[in-house]
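**Q** 3D, please:
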Amino acid sequence: MTVVVSREGPDTDDARALIEELEGELEPRYPAASRHGYSVDRLLAQGVAFFVARVDGRPAGCGGIELVETAYGELKRMYVRPPFRGQGLGRLIVERLEEHAMANGVTTLRLETGIHQVAAIRLYEALGFVRIAPFGDYVEDPLSRFYERVIA
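**A** Numbering: from 1, shown residues only. Okay, the predicted model is just below:
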């Protein structure tokens, strides 16, 4: 199994398909007010660095990072397709996002995730992310969890 995580525009066909699948999983679990993921247009407008993970050339997952000056990088649109889960792809995507942040002078990662994303929460906590209060423009939401990890 060959895994490659590379930077790619969120507006490519493969990236769009992954983002649509992610939305398809989130929509029945959370009301619109509790879904904070960016659209493809907003990912582009905000300058989010977007990455696609491929397994043997097939798109298997994605993730992005929005650098908020040098204060922190926020993980966005993290997703791994069901057939590829449990193989360490989420960890590889986060590591690639971390490398991008560090290369740009950012030493703190933050994220928001939904309470029903149990596997994602388990991954983030295993990677050393700790719960924090809402940050940036987020407000307290019983369906959201907020996390942070310092990466020096």
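**Q** Going by C-alpha atoms from here, please, whenever you check contacts or count neighbours.
**A** Noted.
**Q** What residues does residue 19 make contact with?
**A** 40, 62, 77, 79 (CA atoms under 8 Å, 6 or more residues apart in numbering).
**Q** switch the cut-off to 7 Å
**A** Residue 19 makes contact with residue 77, according to CA atoms under 7 Å, 6 or more residues apart in numbering.
**Q** from here on, count from 12
**A** With 12 as the first residue, the last one maps to residue 30.
**Q** Please report how far it lies from residue 88.
**A** Per CA to CA, to the nearest Å, residue 30 is found 7 Å from residue 88.
**Q** Count the neighbours of residue 62 for me.
**A** If you count neighbours by other CA atoms under 10 Å, residue 62 ends up with 25.
**Q** Same check on residue 75?
**A** Residues within reach of residue 75, counting by other CA under 10 Å, total 28.
**Q** which other residues reach stretch 116-135?
**A** Stretch 116-135 is contacted from outside by 81-86, 112, 154-163, using CA under 7 Å, 6+ apart.
**Q** out of those residues, which are inside helices?
**A** Among the contacts of stretch 116-135, the members found in helices (DSSP state H) are residue 112.
**Q** Looking at the contacts of stretch 116-135, which are in strands?
**A** Among the contacts of stretch 116-135, the residues falling in strands (DSSP state E) are 83-86, 155-161.
**Q** picking up where we left off before, are any of the contacts of stretch 116-135 buried, and which?
**A** The neighbour count (16 or more other CA atoms under 10 Å) marks 83-86, 112, 155-160 as buried among these.
**Q** of all those, which two lie farthest apart?
**A** In the buried ones among the contacts of stretch 116-135, two members sit farther apart than any others by CA to CA. They are 112 and 155, at 23.5 Å.
**Q** can you pull the contacts of residue 63?
**A** Going by CA under 7 Å, 6+ apart, residue 63 touches 16-19, 26, 70, 72-74.
**Q** ok, 6 Å please
**A** 16-17, 72-73 (CA atoms under 6 Å, 6 or more residues apart in numbering).
**Q** do residue 154 as well
**A** 125-126.
**Q** Over to residue 144?
**A** Contact analysis of residue 144 by CA under 6 Å, 6+ apart lists nothing.
**Q** Give the closest residue to the spatially most central residue of the chain in space, chain neighbours not counted.
**A** Geometric centre of the chain, nearest residue: residue 89, 2.9 Å, by CA atoms, centre = their mean. Once flanking residues are discounted, residue 89 sits nearest to residue 74: 4.2 Å by CA to CA, 6 or more residues apart in numbering.
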